[in-house]
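1. This is the structure alone, sequence omitted:
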């Protein structure tokens with residue numbers, strides 16, 4: 001991971017961690033964990049016959065490990081001009097030069113779809129904030145504030161009517177709805 005991807009990763013983490021300074025530390029910690037995992041995977045852990053399936057399953061729960069393994073499988077399948085590569089019809093087969101084949105591209109696709117399922121699982125559409133992680137704790141109540149400005153109120157009514165009727169104004173490129181000011185309570 002280079003600096004740009006670490007910054008992006010820290011920004012992504014900041015949406016889950018309420019304290020922004022902690023997201024940088026968490027991002028760096030995961031970067032270091034990933035760096036160590038990459039070095040360990042060079043020796044073949046856990047994707048060879050010497051390790052139990054349990055270790056392979058636990059190791060595969062960290063998505064960058066699966067990505068690294070998939071890239072390794074693709075690199076091995078195309079290492080020489082005589083290699084056939086991996087076609088869609090042969091995705092469940094091991095490459096001819098892979099002597100310790102314990103996972104195929106088909107397995108990696110399965111893990112990918114399982115991760116999408118869990119990512120979009122129960123309660124995924126709820127937005128809650130509080131606690132150390134924004135997915136733990138209570139959601140502060142939002143006040144419904146009627147705008148003071150007559151023009152803003154008129155525009156809000158027009159937008160709500162268009163949204164309820166399913167009409168999209170072709171002159172509007174970006175529309176932000178439901179934007180509210182949320183002031184956290186002061187802690188004593």
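-> Structure received. On a predicted model such as this, the values are computed, not experimentally measured, just so you know.
2. does the residue nearest to residue 45 when sequence neighbours are not counted sit in a helix or strand, and which one?
-> In this structure, residue 45 finds its nearest non-sequential neighbour in residue 51, 6.4 Å apart by Cβ to Cβ, 6 or more residues apart in numbering. Backbone N, C-alpha and C define where each C-beta goes, glycine included. Assigned by DSSP states H and E, residue 51 belongs to neither a helix nor a strand.
3. So residue 56, which state does it fall into?
-> helix (DSSP: H, G, I helix; E, B strand; the rest coil).
4. what number of residues lie near it?
-> 18 (other Cβ atoms under 10 Å).
5. so where's the protein shaky on pLDDT?
-> 1-14, 18-21, 23, 119-145, 147, 180-188 (pLDDT under 70).
6. Need the outlier residue of it, farthest from its centre.
-> residue 150 (41.7 Å; Cα atoms, centre = their mean).
7. What's the separation between it and residue 49?
-> As defined by Cβ to Cβ, to the nearest Å, residue 150 lies at a distance of 74 Å from residue 49.
8. Ok, residue 116 next?
-> 29 Å.
9. and what of residue 174?
-> For residue 174, the distance to residue 49 - Cβ to Cβ - is 54 Å.
10. Compare neighbour counts for the two and give me the winner.
-> residue 49 (10 against 4).
11. Contact partners for residue 52?
-> Neighbour list for residue 52: residue 46 [criterion: Cβ atoms under 8 Å, 6 or more residues apart in numbering].
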